[in-house]
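Trainee: Provide a 3D model corresponding to the input given below.
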Amino acid sequence: GAGGTIGTPAGAPTALGAKAVGRAGRCHAVARGSTWALVSGGTLLGLVVSFRLSRSLAQPIVRMAQSMSRAAKGDLSDVVEFDSRTDELGELSRSINGTYAYLQQMSSVAKNLADGDLRTRVTPRSDRDSFGQAFVAMIDKLSQVSGEVSSGAMALSGASNQVAWSSQTLSQGTSAQAAS
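Mentor: Sure thing, here's the model as predicted:
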């Protein structure tokens, strides 16, 4: 017949056709299984990568926020450990650590001033370093006041010596007059 094999009615399945249908079904099942495996594996890989990526971003941000929170309360002893990163978080870490170093330096200057050491010098880091400029002005003013107090003390000491000399001279004159 037309479209079939000789002796087989048209549209009737043949053993060869049944075999092809069976093979196609198995190929379809394998393809469907492979597709699901690839989709599942890709999704799982995507989840793992996104979890690791979010952790690598979130942990430094949380750590730096905690560090800055302590610094806002006056604790300048921390060192943020992400300076070696080459991304924005590494840049932020280096900036935080630089700020800590600067504040520790200025704290040391303040301690020296509190101990009376006016020889301490500060060099502002830039024209916009209002903190450093305020320390320079404070040291200059304290040095000026200290010089004025020292000059006043020297003048007072000289006047005191003059009063003592006058008193002694007057006492000697009074003694000499009483003896005569």
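Trainee: who does the helix or strand Ser167 falls within touch, helix- and strand-wise?
Mentor: Per DSSP states H and E: Ser167 is located in helix 130-179. Applying 3 or more CB pairs under 8 Å, 6 or more residues apart in numbering; DSSP states H and E, one finds that helix 130-179 makes contact with helix 88-114. C-beta: built from backbone N, CA, C; applies to glycine.
Trainee: Now the helix it packs on: buried residues?
Mentor: Buried residues in helix 88-114, counting neighbours by 16 or more other CB atoms under 10 Å, are found at 89, 92-93, 96-97, 100, 106, 109, 113.
Trainee: Among those, which one sits closest to Asp140?
Mentor: The closest of those to Asp140 turns out to be Leu113 (CB to CB; 11.7 Å).
Trainee: residues near the spatially closest residue to the closest one that is not a sequence neighbour, how many?
Mentor: Closest residue in space to Leu113, ignoring its immediate chain neighbours: Thr120 at 6.2 Å, by CB to CB, 6 or more residues apart in numbering. Look at Thr120: counted by other CB atoms under 10 Å, it has 15 neighbours.
Trainee: Over to Phe131?
Mentor: Phe131 has 13 neighbours, counted by other CB under 10 Å.
Trainee: check contacts around it.
Mentor: Applying CB atoms under 8 Å, 6 or more residues apart in numbering, we find Phe131 in contact with Met106.
Trainee: Relative to Leu89, how far out is it?
Mentor: Taking CB to CB, to the nearest Å as the measure, Phe131 falls 26 Å from Leu89.
Trainee: so which strand or helix has Leu16?
Mentor: Using DSSP H and E, Leu16 falls within helix 15-72.
Trainee: no, scratch that, I was asking about Asp75
Mentor: Counting by DSSP H and E, Asp75 is found in no helix or strand.
Trainee: just to revisit the earlier point, closest to Ile61 among the buried residues of helix 88-114?
Mentor: Leu89 (7.1 Å).
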